[in-house]
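S.K.: Prediction below, plus the sequence it came from.
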Amino acid sequence: MKHVIACMRALCPISDETVKELESLVVKCIYPKRYQLIKENIFCRYAYFIEKGMTRSFWLVDGEEITTSFSCEGGIVFSMDELYYNKKSEEFVETLEDVEVYRIELTDLRRLFETNLEFCNWGRIIHQNEYRRLHRSHKERLTLPARQRYEEFKKQFPYVCQRTNLGYIASYLGITLSTLSRLRSNENDKA
């Protein structure tokens with residue numbers, strides 16, 4: 001869990017004791033590309049710390065996949081509905097690459113948030129960062145033209161542009177694949 005712990009410690013102080021407590025609760029798992037960690041309407045009892053690889057979260061709307069987020073090394077993925085409201089997930093999380101993750105039971109994750117101040121602070125920070133990302137994304141989709149949305153996306157998710165399918169990026173931005181291809185082509189022409 002070296003990468004996960006380093007990313008946690010980059011956000012806030014985490015003692016060796018807290019790391020040991022966390023490590024005692026996780027199970028290392030390796031999943032192939034396109035594996036669904038979390039499925040819509042199926043209760044998943046786990047959260048996943050990503051040590052290696054990348055995932056995307058998406059909704060299925062009228063048979064179309066709408067990408068809502070990307071996560072990579074050092075991140076954590078879980079269903080908010082399951083963790084906080086004990087309800088089945090409304091979205092999917094799938095691996096975009098082969099991944100190495102550390103799986104933790106949601107009950108253990110909740111207990112850590114409730115009993116360990118360092119872990120609670122880390123959780124608060126990841127949640128506030130995610131809220132900011134969602135807020136910015138919503139504002140950008142409502143106010144910015146496609147080119148600027150793509151430019152902001154590249155700043156926010158620089159690792160995604162080189163590592164995933166353009167269709168997922170277009171879906172996240174709320175634009176067509178042909179529009180994104182045109183934007184990228186114009187970008188390459190200028191380079």
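M.R.: Looks like it arrived, so ask away.

S.K.: can you tell me the average pLDDT over the helix or strand residue 108 falls within?
M.R.: Using DSSP states H and E, residue 108 sits in helix 106-115. In this model, helix 106-115 has an average pLDDT of 96.

S.K.: the strands in this protein, which residues?
M.R.: Using DSSP state E, the strands of the chain run over residues 26-31, 36-38, 46-52, 55-61, 64-71, 76-77, 92-95, 99-105.

S.K.: Relative to residue 150, tell me which of these wins on proximity.
M.R.: Across the strands of the chain, residue 150 has its closest neighbour in strand 64-71 (13.8 Å, CB to CB). Where you see a C-beta, it was placed from the backbone N, CA and C, and this is true even at glycine.

S.K.: counting contacts, what elements does that closest one pack onto?
M.R.: strand 55-61, helix 166-173 (3 or more CB pairs under 8 Å, 6 or more residues apart in numbering; DSSP states H and E).

S.K.: Residues contacting that strand, please?
M.R.: With CB atoms under 8 Å, 6 or more residues apart in numbering as the test, strand 64-71 has contacts from 50, 54-60, 77, 91-93, 96, 133, 157, 160, 164, 168-169, 171-172.

S.K.: Walk me through which strands that strand pairs with, and which way each runs.
M.R.: Its sheet considered, strand 64-71 pairs with strand 55-61 (antiparallel) by DSSP bridges.

S.K.: related to what we said a few turns ago, kindly write the PyMOL command that selects the buried subset of the contacts of strand 64-71.
M.R.: Those of the contacts of strand 64-71 that count as buried under 16 or more other CB atoms under 10 Å are selected in PyMOL with:
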select buried, resi 50+54+55+56+57+58+77+91+92+93+96+157+160+164+168+169+171+172
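
S.K.: quick one on the thing from earlier: nearest to residue 184, of the strands of the chain?
M.R.: With CB to CB, the closest approach to residue 184 among the strands of the chain belongs to strand 64-71: 16.8 Å.

S.K.: List the buried residues in that closest one.
M.R.: Quick answer for strand 64-71 (16+ other CB under 10 Å): 67-71.

S.K.: want to try TSV for the residues you listed, with distance to residue 8 and pLDDT as columns?
M.R.: Shown next, in TSV, are these (distance: CB to CB, whole Å; pLDDT from 0 to 100):
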residue	distance to residue 8	pLDDT
67	25	94
68	23	92
69	19	92
70	19	94
71	14	94
